[in-house]
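**Q** quick one: sequence and predicted model below, then my questions.
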Amino acid sequence: MASVVVCGGSIIGLCTAMMLARDGHEVTVLETDRDGPPGTPAGAWSSWRRSGVAQFHQPHNLFSRFREVSDAELPGLMDRLVAAGGVWVDFLETMPPTLSDRAPRPGDDRIRFVTARRPVTESVVASAAEEQPGLTVRRGVQLAGLLPGRSAIPGVPHVAGVRTASCEEITADLVVDAMGRRTPALDWLAALGARPPQVESDMGGFFYYTRYFTGAHASAPCGPPADTDGQFLHPDPGR
Ligand SMILES: Cc1cc2nc3c(=O)[nH]c(=O)nc-3n(C[C@H](O)[C@H](O)[C@H](O)COP(=O)(O)OP(=O)(O)OC[C@H]3O[C@@H](n4cnc5c(N)ncnc54)[C@H](O)[C@@H]3O)c2cc1C
């Protein structure tokens, strides 16, 4: 059994932590945002303050691979998501008319997934994490750096734990970085003498415009997807 610190308590951090705890490890998640999940999905949407995740209220799909992994490693999570209002999505049901061969294929089922608004998904994951034996989630803990250990391989720095902004030092056999795309861990590793990873980035040209609707009935798609220049990918945009 190892002691594991997971830096960042968002979806990836919490799911990783649950899987490691289920494998028998002693896991602590450290998350800078103070508030835990509100008790209801509606509360998660309207009142959960998650300043650590800039895209918290933008649309998120949980794709099939996530469902497959969580069905195998975190059984019951998708059921909880559906109970909280998550919906099944099957892109095969909305194939464009240009695809004439619509015959089912073996494995089509794998494409289906459950999705929900991000605050709802995250509240479901966070509630499941709170119930996981062997897992402690500490919120309101901002991480500020890594603790150096004795190198096992000369020239390769060893991480022995983390340091919080309030100067608490927490040692661990394994430190997992789940602090998202703007993670400070790359700088922290460089400060320990680690080789910086090769990062390639480019402007993708994506813009997000989001509007949510509520109502008694499930929404029907009102238009085709558009590409990054705003061109409709569907030959019949008036559909
Ligand atoms: C507009 C938009 C739409 C997206 N849509 C999708 C989608 O449809 N499907 C999809 O799969 N992905 C989507 N993504 C990507 C998805 O949001 C990210 O991949 C996902 O949030 C990454 O999860 P994470 O847990 O790794 O990091 P994050 O969700 O970024 O969470 C990082 C966590 O670390 C915490 N943290 C940060 N710094 C510290 C610190 N110093 N100390 C302690 N805690 C810290 C933060 O508070 C936060 O809780 C979208 C992204 C954007 C921007």
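**A** Now that the structure is in, tell me what you want to look at.

**Q** how many neighbours does residue 28 have?
**A** Here the count is done by other CB atoms under 10 Å, and residue 28 has 20 residues near it. Heads up, the C-betas are built off the backbone N, CA and C, glycines and all.

**Q** can you name the residues of this protein sitting close to the ligand?
**A** 7-13, 30-33, 52-53, 55, 58, 60-61, 63, 142-143, 178-180, 184, 208 (CB under 6 Å from any ligand atom).

**Q** could you check how far residue 78 is from residue 88?
**A** 9 Å (CB to CB, to the nearest Å).

**Q** neighbour count winner among the two?
**A** Neighbours per residue, other CB under 10 Å: of residue 78 and residue 88, the larger number sits with residue 78, 19 against 12.

**Q** can you read off the backbone torsions of whichever residue of the chain sits closest to the ligand?
**A** Proximity of the chain to the ligand (CB to the nearest ligand atom) peaks at residue 52, 1.8 Å away. Torsion angles at residue 52 (phi, psi; degrees, to the nearest 10) stand at phi -70, psi -10.

**Q** can you tell me the closest non-neighbouring residue to it?
**A** Closest residue to residue 52 apart from its sequence neighbours, by CB to CB, 6 or more residues apart in numbering: residue 33 at 4.6 Å.

**Q** contact partners for the one you found?
**A** 9, 49-53, 139-140 (CB atoms under 8 Å, 6 or more residues apart in numbering).

**Q** now, of those, which are buried?
**A** Taking 16 or more other CB atoms under 10 Å as the criterion, what is buried in these is 9, 50, 52-53.

**Q** so which of these comes closest to residue 159?
**A** Nearest to residue 159, judged by CB to CB, of these is residue 9 at 19.0 Å.

**Q** you'd agree that closest one is in a helix?
**A** No - assigned with DSSP: H, G, I helix; E, B strand; the rest coil, residue 9 falls outside any helix and is coil.

**Q** can you tell me the element residue 27 falls in?
**A** Under the criterion of DSSP states H and E, residue 27 resides in strand 26-31.

**Q** dump that strand to PDB, restricted to CA.
**A** The C-alpha coordinates for strand 26-31 follow below in PDB (Å, rounded to 0.1, in the frame of the first residue of the first chain):
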ATOM      1  CA  GLU A  26      -4.100   5.600   1.100                       C
ATOM      2  CA  VAL A  27      -5.000   8.600  -1.000                       C
ATOM      3  CA  THR A  28      -5.300  12.300  -0.100                       C
ATOM      4  CA  VAL A  29      -6.700  14.900  -2.600                       C
ATOM      5  CA  LEU A  30      -5.700  18.500  -2.000                       C
ATOM      6  CA  GLU A  31      -8.000  21.000  -3.700                       C
END
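
**Q** mind listing the helices for the protein?
**A** Ranges of helices within the chain are 11-22, 41-47, 64-73, 77-83, 118-131, 185-191, based on DSSP state H.

**Q** and those helices: which comes nearest residue 109?
**A** Comparison of the helices of the chain against residue 109 by CB to CB identifies helix 64-73 as nearest, at 9.4 Å.

**Q** per-residue pLDDT of residue 27, please?
**A** pLDDT for residue 27: 98.

**Q** equivalent analysis for residue 225, please.
**A** Predicted confidence (pLDDT) for residue 225: 54.

**Q** mind checking which of the residues of the chain next to the ligand are buried?
**A** Using 16+ other CB under 10 Å as the threshold, 7-13, 30-33, 52-53, 60, 143, 178-180 are the buried ones among the residues of the chain next to the ligand.
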